[in-house]
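Undergrad: Let's see this in three dimensions:
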Amino acid sequence: MAPASTRSLPSPAIEAHPDPRLQPIVDKIRSSGGKVTRARMAILEGLLAGPHHATVEELEARVRMVAPDVHEATFYRTLGALEELGVVYHLHFQHGPSIWHVAGEDHEHLFCQACGCTIEVASRDLEPLRAAMARRYGFVLDTRHFVHQGLCRACAARPDTNRGS
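TA: Coordinates of the predicted model:
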């Protein structure tokens with residue numbers, strides 16, 4: 001992780017943080033040679049505060065309430081560096097902006113093309129698909145990066161729902 005230009009945050013403030021997910025992330029940043037700056041801490045706390053799916057713009061709004069001086073480019077650099085460490089990942093939701101997500105929350109997303117609802121499913125539910133792709137094609141499928149599209153139960157049961165989408 002590339003060092004940021006802001007000062008490093010002292011450890012005692014981090015260790016006092018109530019979210020148990022924060023300290024392992026901080027440890028990972030430090031063990032990779034990265035610095036834990038006030039801006040990075042604000043961004044991490046904003047991600048962990050939830051809701052657990054956020055666009056950069058939503059995250060910025062959340063963080064700016066407590067740290068208004070964090071530069072816009074810092075959000076993108078920090079999220080990119082955290083993604084390289086495996087701490088967060090982004091997913092693509094339709095044709096909209098990327099949605100950022102804290103890694104370790106082991107679920108994936110189903111999106112109904114008719115009503116727009118999103119359903120979270122356990123990642124293990126997609127294991128048969130990943131196993132079939134590996135077995136048949138030798139391809140290791142990363143299913144968490146994209147939202148899987150189709151029809152929810154209610155829309156699939158409606159006779160007027162367009163199944164050709």
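Undergrad: Helices along the protein, start to end?
TA: 11-15, 22-31, 38-49, 56-64, 72-84, 127-137, 153-157 (DSSP state H).
Undergrad: Highest mean neighbour count across the ones you listed, which stretch is it?
TA: helix 38-49 (a mean of 21; mean count of other CB atoms under 10 Å). (C-beta placed from N, C-alpha, C; glycine too.)
Undergrad: any idea of the angle that helix forms with helix 72-84?
TA: Inter-element angle recorded for helix 38-49 and helix 72-84: 60 degrees (by axes from the mean of the first three to the mean of the last three CA atoms, to 10 degrees).
Undergrad: Of all the helices of the chain, which one comes closest to His109?
TA: Closest approach to His109 among the helices of the chain is made by helix 127-137 (14.3 Å; CB to CB).
Undergrad: Just the mean pLDDT for that closest one, thanks.
TA: What helix 127-137 shows for mean pLDDT is 96.
Undergrad: Residues in contact with it: which ones?
TA: Phe139, Val140, Leu141, Thr143 (CB atoms under 8 Å, 6 or more residues apart in numbering).
Undergrad: Mean pLDDT lowest where, among the helices of the chain?
TA: Lowest mean pLDDT within these: helix 11-15, a mean of 38.
Undergrad: Give me the residue at the spatial middle of this protein.
TA: His101 (1.3 Å; CA atoms, centre = their mean).
Undergrad: For beta bridges, what are the partners of that residue?
TA: Judged by DSSP bridges, the bridge partners of His101 are His53, Tyr89.
Undergrad: domain ranges for the chain?
TA: Taking automatic domain parsing as the domain assignment, the ranges for the chain are 11-102, 107-157.
Undergrad: Just the pLDDT for Leu9.
TA: Leu9 carries a pLDDT value of 36.
Undergrad: surely the residue nearest to the centre of the chain meets Val88?
TA: Yes: counting by CB atoms under 8 Å, His101 does reach Val88; the two are 6.4 Å apart.
Undergrad: how close does Arg38 get to Asp69?
TA: 9 Å (CB to CB, to the nearest Å).
Undergrad: typo on my end, it should be Thr118
TA: Distance from Thr118 to Asp69, by CB to CB: 33 Å.
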